[in-house]
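Asker: Need coordinates for the following:
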Amino acid sequence: MKLPEIIRAAFVIARRDYTSTVLSKTFLLFLLGPLFPLMLGMGMVGIGAQVDRNSKVPPVAVVSSPQDFDLLTAARARLEPVTDTLPLVELRYVAPEPNLNEQRDRLLSDEQLPVFGVLDGGLDAPHLSGAVVSRGRTAQQIGLYIDEARRLRSEPVASGAKLVLVPTAGTAGLKAFNRSKTGQFAQVLLFVLTLLLATMVLSQLIEEKSSKVIEVLAAAVPIDAIFLGKLFAMLATSLTGIALWTLAGAAVVNSLATGGLQSLPAPAVGWPAFMTLIFVYFSMNYLLIGATFLGIGAQASTAREVQILSMPVTMAQLVLFGFASLAVGQPNGTMGIVAAIFPLSSPLAMIVRAAELPDIWPHLLAFAWQAIWVVLILRTAAAVFRRSVLKSGKSRGWRRFFRRAEGVEQLMIP
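Answerer: Predicted coordinates for the structure are as follows:
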């Protein structure tokens, strides 16, 4: 069958699958599907924040003069900006009493206002008691507090030279950093959408195979047209869902990011071209991953087999995403170029390149390269399906050899 006839047959298959999917009642559940992980994620974030508050390390009680405690508090405030990833130990002031040993024991055993340790002796002879070790986080941070407080006491901040800031509109380093973040965000967006939508392709042929409809279709049109039509039908269904999700979430995006796209770091190719590339690269990524999944899922005969295949397929997507993430920040590096050349990770790597570099011609080459691999994967999947499932087509030489050997063996059986 000639190419125009294959495309015409694929269009008929795609229109049939698209209308049967979009016009069904289950498509509404498909549209509501992303709400459930979002609600679950928001709930887990709230629970995690509450657990973090509940499991917060108790403070260290400081038994000292108000002047020493103020210096320790000022030292902690000076150190806090450089330790964003590691929370600093909090301090709680306790006025000293005549019997220091008894006061220390009472503070360490008080369950109403629990403390992790007790610091006494002031800045001249500090003594830290409690569940601490010399190389632990609490002991090391308290040591930093004391060193900084001693420095503040001997060298007041007012007598030293202050840091003079000269703000500028921006630097090349900051622009490159922001562009890499934009590319990383777009890459994660493509990965999440493909992860949510491409796995549906695995079960596309189960119904036709179980009801023998696939044999009727295979008799009327080529297997290549069936695979091509089903793949583009699922792509159109996914784009329909994405369009509706985008329209529904536009108000939320505007409320979260004042000024819309203008408030986000601008990509190197500009926003109009970048949004176009996001659409095209999602389509290519879906076609590449979907064609592979369609070939894998075509070998399954039951829903149970599809469920078994879902886990390794998802893990494979995670590996591809991790491989493509190596291109962030270094699109012209070795790993960035390799990720752009490898067909299954090429769309994720190239969208990062669009955010960081202004050249357009590499994307034209990438489109052609990815389209070639979509055709190759589809033809390979159709050939494997034709030989392994429909039992048609030319057999390989080694298959004919083993079949001939089996026939000879059966003739030799008495």
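Asker: Listing request: residues of the chain with sub-threshold pLDDT.
Answerer: 1, 33-38, 40-57, 83-86, 155-174, 207, 210-211, 248-264, 388-414 (pLDDT under 70).
Asker: So what does the residue nearest the centre of it have for phi and psi?
Answerer: Centrality entry for the chain: nearest residue to the mean C-alpha point is V188, 4.7 Å, by Cα atoms, centre = their mean. Dihedral pair for V188: phi -60, psi -40, per degrees, to the nearest 10.
Asker: ends of stretch 128-147, how far apart?
Answerer: With Cα to Cα, to the nearest Å as the measure, stretch 128-147 spans 14 Å from end to end.
Asker: In that stretch, which of the residues would be classed as buried?
Answerer: Judged by neighbour count (16 or more other Cβ atoms under 10 Å), stretch 128-147 contains these buried residues: 128-130, 132, 138-139, 141-142, 144-146. C-beta: built from backbone N, CA, C; applies to glycine.
Asker: could you redo those residues as TSV and give each row secondary structure?
Answerer: Shown next, in TSV, are the buried residues of stretch 128-147 (DSSP: H, G, I helix; E, B strand; the rest coil):
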residue	secondary structure
L128	strand
S129	strand
G130	strand
V132	coil
T138	helix
A139	helix
Q141	helix
I142	helix
L144	helix
Y145	helix
I146	helix
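Asker: Strands of this structure, start to end?
Answerer: 60-63, 91-94, 117-120, 127-130 (DSSP state E).
Asker: out of the buried residues of stretch 128-147, who's nearest P4?
Answerer: Set against P4, the nearest of the buried residues of stretch 128-147 by Cβ to Cβ is Q141 (73.0 Å).
Asker: returning to that earlier point: mind putting the strands of the chain in a markdown table, distance to L217 included?
Answerer: As requested, the strands of the chain are exported to a markdown table (distance: least, Cβ to Cβ, whole Å):
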| stretch | distance to L217 |
| --- | --- |
| strand 60-63 | 74 |
| strand 91-94 | 74 |
| strand 117-120 | 74 |
| strand 127-130 | 75 |
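Asker: Of these, which is nearest M275?
Answerer: Shortest distance between M275 and these, using Cβ to Cβ, is found for strand 91-94: 50.0 Å.
Asker: Check which strands are paired with that closest one and give the direction for each one.
Answerer: strand 60-63 (parallel) (DSSP bridges).
Asker: Export the partner strand to PDB, keeping only CA atoms.
Answerer: Output in PDB follows, covering the C-alpha atoms of strand 60-63 (Å, rounded to 0.1, in the frame of the first residue of the first chain):
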ATOM      1  CA  VAL A  60      19.000  24.800  74.100                       C
ATOM      2  CA  ALA A  61      18.400  26.600  77.400                       C
ATOM      3  CA  VAL A  62      21.000  29.400  78.000                       C
ATOM      4  CA  VAL A  63      21.600  30.200  81.600                       C
END
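Asker: mind listing what's buried in that strand?
Answerer: 60-63.
Asker: which among those residues gets closest to L376?
Answerer: V60 (64.5 Å).
Asker: where's the closest one relative to A125, distance?
Answerer: The gap separating V60 from A125 is 17 Å, by Cβ to Cβ, to the nearest Å.
Asker: cool, and V94?
Answerer: 17 Å.
Asker: Compare the two (neighbour count), which wins?
Answerer: More crowded of V94 and A125, by other Cβ atoms under 10 Å: V94, with 19 against 7.
Asker: Could you list the domains of the protein?
Answerer: Structural domains assigned to the chain are 58-159, 172-404, following automatic domain parsing.
Asker: Name the stretch among those that sits most buried.
Answerer: Ranked by mean neighbour count, those are led by domain 172-404 with a mean of 17 (mean count of other Cβ atoms under 10 Å).
Asker: Tell me how far it lies from the chain's centre.
Answerer: When C-alpha coordinates are averaged (Cα atoms, centre = their mean, to the nearest Å), domain 172-404 and its chain have centres 15 Å apart.
Asker: quick one, helices of the stretch 51-200 of the chain?
Answerer: For the stretch 51-200 of the chain, the helices defined by DSSP state H, counting those that start in this stretch occupy 66-79, 100-109, 137-154, 172-197.
Asker: Tell me which other helices or strands the first one touches.
Answerer: Spelled out, that is helix 66-79. Judged by 3 or more Cβ pairs under 8 Å, 6 or more residues apart in numbering; DSSP states H and E, helix 66-79 is in contact with strand 60-63, strand 91-94, helix 137-154.
Asker: One more: the last one?
Answerer: Where contact means 3+ Cβ pairs under 8 Å, 6+ apart, helix 172-197 is packed against helix 223-256, helix 271-297, helix 303-325, helix 346-356.
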